[in-house]
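Participant: Turn this into a model:
(chains A, B, C and D)
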2 protein chains.
Amino acid sequence: MTNIQDVAKAAGVSVATVSRVLNDQSSVAPATREKVQKVIQDLGYERNLLGRNLRRSETKMILVLLQNLSNPFYSKVVQGMEDVGHQNGYNVMVCNTDLDEQREKLYLDLLKSKLVDGVIFTAPTLSGAALSEVAKHYPIVQCSEYKEKAQASRVSIDNVEAGYCATRHLIELGHTKIGMISGKNRLPSAIDREKGYKKALKEAGITFRSEWIQNESYGFQGGFRGTKRLLKSEVKPTAIFAISDIMAIGSMKALKEEDISIPREMAVIGFDNTGISGMYDPALTTIAQPRYELGATAMDLLLQKIRGEEKKIQHKILKHELIIRDSTTRKKLLE
Amino acid sequence: MTNIQDVAKAAGVSVATVSRVLNDQSSVAPATREKVQKVIQDLGYERNLLGRNLRRSETKMILVLLQNLSNPFYSKVVQGMEDVGHQNGYNVMVCNTDLDEQREKLYLDLLKSKLVDGVIFTAPTLSGAALSEVAKHYPIVQCSEYKEKAQASRVSIDNVEAGYCATRHLIELGHTKIGMISGKNRLPSAIDREKGYKKALKEAGITFRSEWIQNESYGFQGGFRGTKRLLKSEVKPTAIFAISDIMAIGSMKALKEEDISIPREMAVIGFDNTGISGMYDPALTTIAQPRYELGATAMDLLLQKIRGEEKKIQHKILKHELIIRDSTTRKKLLE
DNA sequence: TTGTATGCGTTATCAC
DNA sequence: GTGATAACGCATACAA
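Facilitator: So this is what the prediction gives:
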């Protein structure tokens, strides 16, 4: 493997000069620069970033921790992170944690051992205290999911408000018996959306029944199972609020299996406005999050932290939006 | 930041000894080991991997290049890669290329500059020649998608055979006018599946019509648009083969919009057996790929290459499987 | 504008 | 079993 020394020797200059050419510094005579560049070309030299990283003590790499690659919600979020990262000369790498604390810690070691310059958490399994401890020494940001008590910057929507908004939509359509399919892993977003759901019920004078909330695994199967159980409620709902689109679709699948008409006999609302929501039949009413902006903002906060521009903790709240489609109100019938 | 020297000083030993403790070498007296470990604990020392990586000239990191995070096909593939990687002490990082050659080259620089030990391509945009050149000097493997001419190991299914299998299924159901929604980015898998499709037609004595193949963007919208065009064919198909599940679902959405009954008036078959295929209504007939094994095998090949165990190029072909559901043949009616 | 020399933090090769 | 020391490849302060 040819290194900077070889180049220097071949070009008849010092390694310092080669380094200057490599880093595009101005203080190199045009003739020298050209000569060095030719040698680099001829030798097929590729600079070894391990050396540079050690010397500079930075890697220009950002690690994004996802609970799961297959969650379609995150693709656009990551895109936002990547765009902002790349604009600033950072590479973005994505790793799966599967909500496994052990794995999360393993990846966190990449930060502690200086292999990445910063980490964005999208679904922390570490405790708030543990996160705070990490945040004291290293640049981290929480995106979309977060630990309330973690002393670290974060960006998300207002999940209480969003849960309220979804439930309110159902209530305004005349529903008074409303089920909810939430997450059994108790992520903070799920808990907050439940709060919003209960708030809307209370405000409308509806007495909450615990059988109306089914905690399930994220994904199609969770929505499917939760709905089957909801259908066995003592007081059977006429509407279902699922905390993700794919859970909502699992829910609708279960309803179809029972020959329950959507939305006539059961209205369904999801969350995230992922690609499938407009494609299902019936098209799914859902709450949209500004996914790209969530990612872009998170990366922005992180880079500020890395550069040391911003010391204090920031909490950014972005706006959500209700997207009304056929699964709660059949437009064709109204027209 | 405390380093190995600080630890050595505080423990009253040499850096060599600390390093031995860190790397779990046997030739350290139990008492010394304990003493050093206590100091490490007390000082909260974290070993800086930049130094180690430079010294060892390896990073134990593998880069996986995806065309797109949101493609649900890859989540299980990556899981296979991660599992095998982790078992062997390697971290797996995933990056998006968006089929952008510039970005792919940028990420490839991570390999050339020794920041990662190997790369797995899942959708190469580089030419076969360029890939061959890279493969000469660095460990790379192609997974699922590949360039025919690249002199590099690869693992995939037999896409010609899979395309044949899908089409054959439709023919056996009595269809003679069969449309195909393929990819406009001309990935090799798409081209091969088209070959299989044409082979099946020919074998059945059906004359292929060019209007029957619609090249579209990957994704829901592509399937939707392609189907709308297929419906305007001079000789309108009674069955559609889409090269991905999400294209097939976009296709079914378009059919529903036109009030065309599935599968009675139009049968639809997809590809990949992703989660949504069983959840849609009607449930989608599709070709399943052994996704986890594809990933696991690819990582296995790559690690062999990195270790220098296996010099010659390997082409592994894994088995696909036809999953019959309601979108091609309504079981309820048959029973 | 260029060269010399030092150090980034670690591992590994010698000695002892 | 342990210590001294030389790399690994690069960037940079300082000198020229």
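Participant: drop to CA atoms for contacts and neighbour counts, all remaining ones
Facilitator: Fine.
Participant: Around DNA strand D, which positions in the stretch 201-335 of chain A sit nearby?
Facilitator: Within the stretch 201-335 of chain A, no position lies close to DNA strand D (Cα under 7 Å from any atom of the strand).
Participant: show me where the stretch 201-335 of chain A has helices.
Facilitator: Counting by DSSP state H, counting those that start in this stretch, residue ranges of the helices within the stretch 201-335 of chain A are A:220-230, A:245-257, A:275-279, A:291-307, A:331-334.
Participant: How about the residue of the stretch 101-250 of chain A found nearest chain B, nearest residue that isn't a chain neighbour?
Facilitator: Nearest residue of the stretch 101-250 of chain A to chain B: A:S113, at 4.4 Å (Cα to the nearest Cα). Take A:S113 and drop its neighbours on the chain: the residue closest to it by Cα to Cα, 6 or more residues apart in numbering or on different chains is B:N48, 4.4 Å away.
Participant: same check, this time on A:R229
Facilitator: Once its chain neighbours are removed from consideration, A:R229 has its nearest residue in A:Q214; the separation is 7.7 Å (Cα to Cα, 6+ apart).
Participant: Was I right to think the one you found contacts A:G226?
Facilitator: Yes: taking Cα atoms under 8 Å as the definition, A:Q214 is a contact partner of A:G226 at 5.6 Å.
Participant: Between these two, point out the one with more neighbours.
Facilitator: Of the pair A:Q214 and A:G226, A:G226 is the one with more neighbours under other Cα atoms under 10 Å in any protein chain shown, namely 26 against 21.
Participant: For that one, give its distance to A:E234.
Facilitator: Separation of A:G226 from A:E234 (Cα to Cα, to the nearest Å) stands at 15 Å.
Participant: go on, A:P30?
Facilitator: Distance check for A:P30 against A:E234: by Cα to Cα, it reads 83 Å.
Participant: and what of A:D281?
Facilitator: Between A:D281 and A:E234 the computed distance is 28 Å (Cα to Cα).
Participant: If you count surrounding residues, which of these two has more?
Facilitator: Neighbours were tallied for A:D281 and for A:E234 using other Cα under 10 Å; the higher tally belongs to A:D281 (20 against 10).
Participant: Next, the contact list for the more buried one, please.
Facilitator: For A:D281, the contacting residues are B:K253, B:D281, taking Cα atoms under 8 Å, 6 or more residues apart in numbering or on different chains as the criterion.
Participant: Could you do the one 5 residues further on as well?
Facilitator: Going by Cα under 8 Å, 6+ apart, A:T286 touches A:A166, A:D245, A:I269, A:G270, A:F271, A:D272, A:N273, A:S277, A:L322, A:I323, A:I324, A:R325.
Participant: Now, the residues you listed that are in strands?
Facilitator: By the criterion of DSSP state E, membership of the contacts of A:T286 in strands covers A:I269, A:L322, A:I323.
Participant: Where neighbours are concerned, which of those has the most?
Facilitator: Taking other Cα under 10 Å to define a neighbour, the member of those with the most is A:I269, carrying 35 neighbours.
Participant: mind listing what that one touches?
Facilitator: Under the criterion of Cα under 8 Å, 6+ apart, the contact partners of A:I269 comprise A:A166, A:I240, A:F241, A:A242, A:D245, A:A248, A:L284, A:T285, A:T286, A:I287, A:S327, A:T328.
Participant: Name the member of those residues with the most neighbours.
Facilitator: Within those, neighbour counts (other Cα under 10 Å) peak at A:A242, which reaches 34 neighbours.
Participant: can you pull up the bridge partners for it?
Facilitator: Beta-bridge partners for A:A242, by DSSP bridges, are A:I181.
Participant: Could you double-check that it sits in contact with A:G223?
Facilitator: Yes: under the criterion of Cα under 8 Å, A:A242 makes contact with A:G223 at 7.3 Å.
Participant: Need the residues touching each of these two.
Facilitator: Here A:A242 and A:G223 share the contacting residues A:I181, A:A248, scored by Cα under 8 Å, 6+ apart.
Participant: For stretch A:89-101, buried residues please.
Facilitator: In terms of neighbour count (16 or more other Cα atoms under 10 Å in any protein chain shown), stretch A:89-101 has its buried residues at A:Y90, A:N91, A:V92, A:M93, A:V94, A:C95, A:N96, A:T97, A:D98, A:L99.
Participant: In three-state terms, label A:L99 for me.
Facilitator: Secondary structure assignment for A:L99 (DSSP: H, G, I helix; E, B strand; the rest coil): coil.
Participant: if we take the contacts of A:T286, which one ends up nearest to A:K60?
Facilitator: Comparing those against A:K60 with Cα to Cα picks out A:D272 as the nearest, at 30.9 Å.
Participant: which residue packs closest to that closest one, ignoring adjacent ones?
Facilitator: A:A288 (4.8 Å).
Participant: so who does the residue nearest to A:R229 touch?
Facilitator: A:G179, A:M180, A:I181, A:S182, A:G183, A:G226, A:R229, A:L230.
Participant: so for stretch A:310-325, what's the average pLDDT?
Facilitator: Model confidence over stretch A:310-325 averages 95 on the pLDDT scale.
Participant: starting at the chain centroid, how far to that stretch?
Facilitator: 12 Å (Cα atoms, centre = their mean, to the nearest Å).
Participant: And the pLDDT for A:K331?
Facilitator: We note a pLDDT of 59 for A:K331 in this prediction.
Participant: how close does the residue nearest to A:A150 when sequence neighbours are not counted get to DNA strand C?
Facilitator: Closest residue in space to A:A150, ignoring its immediate chain neighbours: A:G128 at 4.1 Å, by Cα to Cα, 6+ apart. The span separating A:G128 from DNA strand C equals 27 Å under the rule Cα to the nearest atom of the strand, to the nearest Å.
Participant: Please apply the same query to A:A152.
Facilitator: From A:A152 over to DNA strand C the distance is 25 Å, taken as Cα to the nearest atom of the strand.
Participant: isn't that residue right next to A:K316, touching?
Facilitator: No: assessed by Cα under 8 Å, A:A152 is found out of contact with A:K316, at 11.6 Å.
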